[in-house]
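Colleague: after the sequence you'll find the predicted model.
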Amino acid sequence: MLNAKFYETYYFCNVIKNTLQDQFGLARVLNEFYGDGNVAYLIETFPKFSLFHKYLYFVIDRIYYENLNQLAENKSKRLPIEEALKFHSIAHISFQSYMEKNENKTEHYDDLIHNYMEDLNDAYEQLLTHTVEEVFYILFQNRDLLMEFNLMISGALEREDIKEIDTDLVTKRGRLKRGHIPKWVKRAVYFRDRGQCVLCNKDLSGIVSLDNKENYDHIVALAQYGFNDVTNIQLLCKECNQNEKKAGEAVTSNSYQKWYT
């Protein structure tokens, strides 16, 4: 169960959306996540801390530290991250107390800030992990955004030569092998997609018709360098899976059932 408080969560959601919409402008930053062979370390078969979780962690952590660099110029005695820690009732030492305790150990204010972050250690990790889970909770419902993310990461995989990786997860052609989809993935996707085919809205619950069979489809196909990740799976009927996905191109919909009419 996630005890969500949504402190700045929607701000981070918007930043994540913007990073996926401006991949060219942020190419240097994004390269730190998946470039220079890093994509090989992202290959797992349906980890619960998903590929998208890792991306959220990377971006949000970077935002926190970029904000600190800006604050270093103002020499503030109170940092915004303290407000977040306080809001989530995470025990921590205040930056002012930390400065008073360490002011004679360094001459540089920016060094104090970064040393303070290192000393926060478990408190910061707790805040970061919780924030990632809240952002994931919201954005996992946005299939179109998930498709953009998976297209980005599949493009990174295609550009890297990973055929030589000594792993059972990769084919000789440098694509990922099909992995068994765990029950927890199917349950998560079925719940998110409300038991309906996301392309034609056909009921797949077995209540209306026993003939309609649920298919769990990779949004970005493995043949197109897609990943075995919960964020790359959607619910389709058999017909849409066979016909609409025949070409292998990534496709989903932004059609969602309203909570009420």
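Modeller: Cool, the structure landed. Residues are numbered from 1 along each chain as shown.
Colleague: drop to CA atoms for contacts and neighbour counts, all remaining ones
Modeller: OK.
Colleague: let me know the average pLDDT across stretch 127-142.
Modeller: Averaged across stretch 127-142, the pLDDT comes to 97.
Colleague: kindly format the C-alpha coordinates of it as CSV.
Modeller: Extracted in CSV, the C-alpha atoms of stretch 127-142 (Å, rounded to 0.1, in the frame of the first residue of the first chain):
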residue,chain,number,x,y,z
LEU,A,127,12.5,10.6,0.3
LEU,A,128,13.7,9.9,-3.2
THR,A,129,12.3,6.4,-3.2
HIS,A,130,8.9,7.5,-1.9
THR,A,131,8.7,10.4,-4.5
VAL,A,132,9.5,7.9,-7.3
GLU,A,133,6.7,5.6,-6.2
GLU,A,134,4.2,8.5,-6.1
VAL,A,135,5.2,9.7,-9.6
PHE,A,136,5.1,6.2,-10.9
TYR,A,137,1.6,5.7,-9.4
ILE,A,138,0.3,8.7,-11.5
LEU,A,139,2.2,8.2,-14.7
PHE,A,140,1.7,4.4,-15.0
GLN,A,141,-1.9,5.2,-16.0
ASN,A,142,-0.6,7.3,-19.0
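Colleague: what comes up buried for it?
Modeller: 127-128, 130-136, 139-142 (16 or more other Cα atoms under 10 Å).
Colleague: who does the helix or strand K101 falls within touch, helix- and strand-wise?
Modeller: According to DSSP states H and E, K101 maps onto helix 95-102. Packing contacts for helix 95-102, counted by 3 or more Cα pairs under 8 Å, 6 or more residues apart in numbering; DSSP states H and E, involve helix 109-120.
Colleague: and the angle for the following helix or strand past the helix it packs on with helix 109-120?
Modeller: Helices and strands here follow DSSP H and E; after helix 109-120, the next one along the chain is helix 122-139. For helix 122-139 against helix 109-120, the angle by axes from the mean of the first three to the mean of the last three Cα atoms, to 10 degrees is 80 degrees.
Colleague: quick one: contacts of helix 122-139?
Modeller: 2, 4, 6, 9-10, 12-13, 52-53, 56-57, 60-61, 84-85, 88, 90-92, 117, 145-146 (Cα atoms under 8 Å, 6 or more residues apart in numbering).
Colleague: G37: which of the buried residues of stretch 127-142 is nearest?
Modeller: When those are compared for distance to G37 (Cα to Cα), V132 comes out closest, at 24.1 Å.
Colleague: of the contacts of helix 122-139, buried ones?
Modeller: 9, 12-13, 52-53, 56-57, 60-61, 84-85, 88, 117, 145-146.
Colleague: nearest residue to the residue nearest the centre of the chain in space, please, no chain neighbours.
Modeller: In the chain, the C-alpha nearest the mean C-alpha coordinate belongs to F52, at 2.3 Å (Cα atoms, centre = their mean). Of all residues not flanking F52 in the chain, T231 sits nearest, at 6.9 Å (Cα to Cα, 6 or more residues apart in numbering).
Colleague: test my guess that the one you found contacts K54.
Modeller: No. Using Cα atoms under 8 Å as the test, T231 is too far from K54 to be in contact (11.7 Å).
Colleague: okay, those two: which has more neighbours?
Modeller: More crowded of T231 and K54, by other Cα atoms under 10 Å: T231, with 28 against 13.
Colleague: for that one, report the pLDDT, please.
Modeller: Listed pLDDT for T231 reads 98.
Colleague: any idea how far it lies from Y216?
Modeller: Distance of T231 to Y216, computed by Cα to Cα, to the nearest Å: 12 Å.
Colleague: all set now, cheers.
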